[in-house]
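**Student:** pasting a predicted model and its sequence here:
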Amino acid sequence: MATPLKRRRLQRVSSTGSFTLSDPSDEDIITPKKVRQAPPSPRATPVKSVTLSSPGARKQPRASLPLPPTLSHLLQLHSALESLLALKLGSSPLAPSPHPTRPDTLTIINICTCAELERAAGRRCAPVEVARLCWIYEAGIPPVPPETRPETPVNGEQDDNPFLTPTKPRRSEIEWLRGGSGVTVSPMRVLDKEVGKRKTMYAFGVEVEVSDGGGRTGMDVASRWLSGRQSRVRLIEKRIRDWWKRNTVSPLPPFPSSLLPPLIQPANLPTPSSTRTRSLVSTPSKTRAIAFNTPSTGRTRSSLLSDDNLMGPPETPTKVRTWTSLPVTPAKSDGRITPTSGSVKDRKSALLERLAAKAGTPRGSVLLRDEHADYERVVTPDELKRRSALSRLGDVAEGIYMLFSSIGGDLATPATRRRRAVPMDEAVQILVKSSRVAISEAEAQSSIKMLAELCPFFVRVLVIDRAEWLEAPSTSALAAPPSPGAVAVAEVSKRSPGGSPKRVGRNEDGGLRRVRERIRRELETPVL
């Protein structure tokens, strides 16, 4: 038998090609090199792979699984609502409702609408989502019935007035209120900027419990509500997952929702025209109680309702007011469409007609309707400027009157205005300082010249040595300076009983009354 050393030698010799000697038993020898080079051997007993779908697989808890899209949508809406309410409470001063739904709670209603929540969250927030969120918030809490809502008390002072009709206690501003877990749902009337009309939408608010010794202001309610934000989010998520655990079927059934009252839009509210069933010509069924006795009107009413009077106008000399009027043919027609009803179409057409008429006028002009005429006239900016200057002439006249009536001169001069001349610059400075409204020197000078043109009997503008002077004509009829005797005679004539009061007081105000009448006539006269 050959030893291993001899076998190796024989193999080395066989590699040279001289001869070959191999032993089949050498293949059974296990060496470390053969162990390293050997491929991995399979297990003797194969193990069956375990999958989640197999019956023996271990199920993961649903608390760690992501929510379905429908439930995740509701949870994200609530998270966005928490952020939006926190922003509203921190940026605007809000006060609790004076009529809480429960005696142990404080409520701030109508903080944000569902449209604002939809814009903030970037997700759909229709009435269906609002009803589902309300079901999550309530969580078995019975809603407040409408019959238990607080009422606003009636003013006790009205009971002492026998002429006022007794009014019923009116309901509070809250039509209905739902919700729970710190969030309320109620209707809110807002203005839709796209349409330009008001409409009713669902709105969200906050609600906190009253604690002993806690504040009741809006900031106290906001701080107390914001402190429980994290616990509220976890509670809402727990309620959603609890419902998911109870409904293991696939697909999921529809999520439950609260039955909210329908929203009453302003267009569906009763209007006075729809609720009024009695016409103007109908006889009232019930007369009002009057504190004093009046003569009976039965005979007059029967005569007015007779067939003879209905066929033509009344023939009595007295004026009888009747509701029936004869058809009148219009004397003048300018082609404009006048709306005869209060419909939206008629009002819109009338508005477009006015806008078209205004577009044809010069830029900066204003349309004014004359009180005594049935037409509109165009007022240019120059006329508006002139009318504003005319409205200031009354104060300018009073200032000039006080300027010329200042203390000075001879004591024997009567109390009427003295004949004096004042430089224009001095008068302008005094008017600027004494004016009720702030005016410039140019405006004061133009007002003085306008007053001199309209009322030359009150003040005149003179040019002396290339300088403008302001002169007030004397209202005294005496040409020469008065003497003491003449003053005494004048005083006796004032005390005479034969004088007329109107004539005596005609010039006591220095002509201010005539100035005001002249200004009023100028303002009332239209400029053609």
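**Tutor:** Perfect, I can see it now.
**Student:** CA only for contacts and neighbour counts going forward, please
**Tutor:** OK.
**Student:** residues contacting residue 29?
**Tutor:** By C-alpha atoms under 8 Å, 6 or more residues apart in numbering, residue 29 lies in contact with nothing.
**Student:** can you check the pLDDT for it?
**Tutor:** At residue 29, the model reports a pLDDT of 79.
**Student:** is residue 201 in a helix, a strand, or coil?
**Tutor:** When classified by DSSP: H, G, I helix; E, B strand; the rest coil, residue 201 comes out as strand.
**Student:** so what's it scoring on pLDDT?
**Tutor:** The model reports residue 201 with a pLDDT of 90.
**Student:** tell me the spacing between it and residue 118.
**Tutor:** The gap separating residue 201 from residue 118 is 12 Å, by C-alpha to C-alpha, to the nearest Å.
**Student:** same check, this time on residue 428
**Tutor:** Distance from residue 428 to residue 118, by C-alpha to C-alpha: 64 Å.
**Student:** on the three-state scheme, residue 352 is what?
**Tutor:** helix.
**Student:** make that residue 187, sorry
**Tutor:** strand.
**Student:** what's across from it in the sheet?
**Tutor:** residue 202 (DSSP bridges).
**Student:** domains for this structure, by residue range?
**Tutor:** Following automatic domain parsing, the chain resolves into domains at 69-145+173-267, 344-379, 381-475+512-524.
**Student:** mean pLDDT lowest where, among those domains?
**Tutor:** Among the domains of the chain, domain 344-379 carries the lowest mean pLDDT (a mean of 66).
**Student:** element containing the residue lying closest to residue 436 once chain neighbours are set aside?
**Tutor:** In space, and not counting its chain neighbours, residue 436 is closest to residue 395: 8.0 Å by C-alpha to C-alpha, 6 or more residues apart in numbering. Following DSSP states H and E, one finds residue 395 within helix 381-404.
**Student:** pull that helix out as CSV, backbone CA atoms only.
**Tutor:** What follows is helix 381-404 as a C-alpha-only set of coordinates in CSV (Å, rounded to 0.1, in the frame of the first residue of the first chain):
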residue,chain,number,x,y,z
PRO,A,381,-66.0,120.8,-12.1
ASP,A,382,-66.0,124.6,-12.5
GLU,A,383,-69.6,124.8,-11.3
LEU,A,384,-68.8,122.6,-8.4
LYS,A,385,-65.9,124.8,-7.5
ARG,A,386,-68.2,127.9,-7.7
ARG,A,387,-70.9,126.3,-5.6
SER,A,388,-68.4,125.4,-2.9
ALA,A,389,-67.1,129.0,-2.9
LEU,A,390,-70.7,130.3,-2.6
SER,A,391,-71.3,128.1,0.4
ARG,A,392,-68.4,129.8,2.2
LEU,A,393,-69.6,133.4,1.5
GLY,A,394,-71.8,133.4,4.6
ASP,A,395,-68.8,133.0,6.9
VAL,A,396,-66.8,135.5,4.8
ALA,A,397,-69.6,138.1,5.1
GLU,A,398,-69.7,137.7,8.9
GLY,A,399,-65.9,138.1,9.1
ILE,A,400,-66.0,141.3,7.1
TYR,A,401,-68.9,142.6,9.1
MET,A,402,-66.9,142.0,12.4
LEU,A,403,-63.9,143.7,10.8
PHE,A,404,-65.7,146.9,10.0
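**Student:** can you list contacts of the next helix or strand after it?
**Tutor:** The element immediately downstream of helix 381-404 (helix or strand, assigned by DSSP H and E) is strand 420-423. With contacts defined as C-alpha under 8 Å, 6+ apart, strand 420-423 is touched by 404, 467-473.
**Student:** go again using 6 Å as the cut-off
**Tutor:** 469-471 (C-alpha atoms under 6 Å, 6 or more residues apart in numbering).
**Student:** okay, buried residues for the helix or strand following it please.
**Tutor:** For strand 420-423, the following helix or strand on the C-terminal side (DSSP H and E) is helix 424-434. Within helix 424-434, the residues scored as buried using 16 or more other C-alpha atoms under 10 Å are 424, 427-428, 431-432.
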